[in-house]
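Visitor: How does the following fold in three dimensions:
(one chain, ligands or ions: 1)
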Amino acid sequence: MKSIGILGAGPMGLACAYYAQKKGYKVTLIEAAPFIGGMASHFELSGTSIEKFYHFICKTDFDTFELLDELQLSDKLIWKNTSMGYFIEGKLYKWGDPFSLLFFEKFSLISKIRYGLNAFFTSKRKNFDSLENLSAEEWLKSWIGEKAYDLAWKKLMDYKFYEYSSSISAAWIATRMKRVGNSRKSIFQEQLGYLEGGSETLVNALADKIKDDGGKIIINSPVTNLMISEKKILGLEANNEKLYFDSVISTIPTPYLDEILGETSLDFRNKYKQIENIGVVCVIYKLKKGVSKHFWVNINDERFELPGLIEFSNLRKIENDLKIIYLPYYMPITHEKFEKNDEYFFEETFNYLQMLNPNLEKEDVIDFSVNKLKYAQPICNVGFKENIPPIQTDIEDLYIADTCFYYPEDRGVSESIKLAKTIIEKIVI
Ligand SMILES: Cc1cc2nc3c(=O)[nH]c(=O)nc-3n(C[C@H](O)[C@H](O)[C@H](O)COP(=O)(O)OP(=O)(O)OC[C@H]3O[C@@H](n4cnc5c(N)ncnc54)[C@H](O)[C@@H]3O)c2cc1C
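Guide: Numbers count the residues shown, from 1 in each chain. The predicted structure follows:
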């Protein structure tokens, strides 16, 4: 029986292990953190087990559906009518459906038509290759005009990508718009999904299945070195132990690879080093009162330094009708704010929440937490496709992928599952 060592027990690593076992391989998953699930992992927020980073499911997440079916979890998938708002200079507008666009007072009639056409054609688009050499900014401006871009998109891009915001690929933004745009019951009604119990329902079911079928999951064990000899992978080192495998698959964020590929050439390592990521500081509140009826609220208001917030309990209800709100600050990890402490983020974000709901008081806060991630989102610039190294590396039996390898699709659990399946069924020999 061929043995495979898999780095990372996020959705991609877990799914790789699951599909590899189905194919008859002997599997060992090695995870750095003391928990599994990666970006989709949970934590306890005063008695509620919840994602560290909000997670919703879209109607086109077919690979998640297929896996849920195989694990007999399809009945845990719940769909909910959701809505979007846009907080612009102190006023909350309804957003994200044709009527809201029609009645949106800040766009001219021409902008409304152009915006609507862009949304419609992007949701129907099948191929994104022709957008590969255009920036999101150029492409969106060409559709909706400069004024509408500045109002509806500029702040969102700036507070997600900072100095990179003008060079983000149009193909990347368009696939993202398509995924969310198609998650609807009808043209007028957005619908999003969640798993009963949250993302850990799937993560834990995968882990149980892997272990039941004889696989091993080792946590608390950052891989510190990949052992290579004469361009062939031999195994890896973790916790000062050497583990030998026939094949190794890495699913960890590529920026970590430089440290563990010490035995390879600089040229080889540079392929991964050049892929940049931004980090996230994700603030989460458990509250007695919410701020709106919407699942997400985009923000374009001079007083706010973030692109939006997610009132997660408008998708997945929690006990006693308490409210869960996430405020994600994406930013390059070199930004001074990344290192700020929890008190700083509490003061800033509580102030934001009060701007949306002036009746909210500090006594309404049941719990609050801050989760940080250094590599939360690959920066997919114009022409990014060219930068993605092959999954099957020059080193025999070493396979490398992370969330940017399914570009132009944005990172997502379903895409990580899909790529895992492809790696095992089509690439690993
Ligand atoms: C704020 C935020 C919101 C999101 N919202 C959604 C959403 O709504 N819907 C959705 O589908 N997706 C969402 N995602 C994306 C989704 O979480 C990811 O696409 C998915 O988790 C990626 O899985 P992965 O296994 O590819 O990577 P990861 O989850 O990053 O897993 C990689 C694993 O590798 C481990 N690792 C790192 N270094 C080492 C090492 N040296 N040795 C061993 N292990 C190591 C890490 O600890 C981690 O567990 C969101 C992500 C973020 C950050």
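Visitor: Show me what from the stretch 301-429 of the chain comes close to the ligand.
Guide: 328, 373, 376, 402-403, 411-414, 416 (CB under 6 Å from any ligand atom). Any C-beta I mention is one placed from the backbone N, CA and C, and that applies to glycine too.
Visitor: what do you get if the cut-off is 8 Å, keeping everything else the same?
Guide: When proximity is defined as CB under 8 Å from any ligand atom, the stretch 301-429 of the chain approaches the ligand at 326, 328, 330, 373, 375-377, 401-403, 410-416, 419.
Visitor: What segments of the chain are helices?
Guide: Applying DSSP state H to the chain gives helices spanning 11-22, 62-70, 98-102, 109-124, 136-144, 146-152, 154-161, 170-181, 200-212, 257-260, 266-273, 342-356, 413-422.
Visitor: which ones are touching Ser108?
Guide: By CB atoms under 8 Å, 6 or more residues apart in numbering, Ser108 lies in contact with Lys147.
Visitor: who wins for proximity to Lys362 among the helices of the chain?
Guide: Set against Lys362 and scored by CB to CB, these come closest in helix 342-356, at 7.1 Å.
Visitor: Could you name the helices and strands sitting against the closest one?
Guide: Counting contacts by 3 or more CB pairs under 8 Å, 6 or more residues apart in numbering; DSSP states H and E, helix 342-356 is packed against strand 277-287, strand 308-311, strand 323-331, strand 365-378.
Visitor: Report the inter-axis angle for it versus strand 365-378.
Guide: 100 degrees (axes from the mean of the first three to the mean of the last three CA atoms, to 10 degrees).
Visitor: highest average neighbour count across the helices of the chain?
Guide: Across the helices of the chain, averaging neighbours per residue (mean count of other CB atoms under 10 Å) puts helix 11-22 on top, at a mean of 26.
Visitor: wait, does that one contact the ligand?
Guide: Yes - Helix 11-22 lies within reach of the ligand by CB under 8 Å from any ligand atom, at 11-15.
Visitor: Quick one: list the elements packing against that helix.
Guide: Judged by 3+ CB pairs under 8 Å, 6+ apart, helix 11-22 is in contact with strand 3-7, strand 26-30, helix 200-212, helix 413-422.
Visitor: Now render the ones you listed as CSV, adding mean pLDDT.
Guide: Output for these, formatted as CSV (pLDDT from 0 to 100):
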stretch, mean pLDDT
strand 3-7, 98
strand 26-30, 98
helix 200-212, 98
helix 413-422, 98
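Visitor: Could you list the residues in contact with stretch 208-223?
Guide: 7, 9, 14, 17-18, 21, 26-36, 71, 207, 236-239, 252, 260.
Visitor: can you rerun that using 6 Å?
Guide: 7, 17, 21, 27-32, 34, 207, 236, 238-239, 260 (CB atoms under 6 Å, 6 or more residues apart in numbering).
Visitor: what's the span of it from first residue to last?
Guide: Chord length of stretch 208-223, first to last residue, is 22 Å (CA to CA, to the nearest Å).
Visitor: Could you see whether the ligand lies near that stretch?
Guide: Yes - applying CB under 8 Å from any ligand atom, one finds stretch 208-223 in contact with the ligand at 221-223.
Visitor: again with stretch 256-269
Guide: Yes - residues of stretch 256-269 are located near the ligand by CB under 8 Å from any ligand atom, namely 256, 259-260.
Visitor: so how many other residues sit close to the nearest residue to Lys76 once chain neighbours are set aside?
Guide: Spatial nearest neighbour of Lys76, excluding adjacent residues (CB to CB, 6 or more residues apart in numbering): Glu196 at 4.3 Å. Glu196 has 11 neighbouring residues, counting by other CB atoms under 10 Å.
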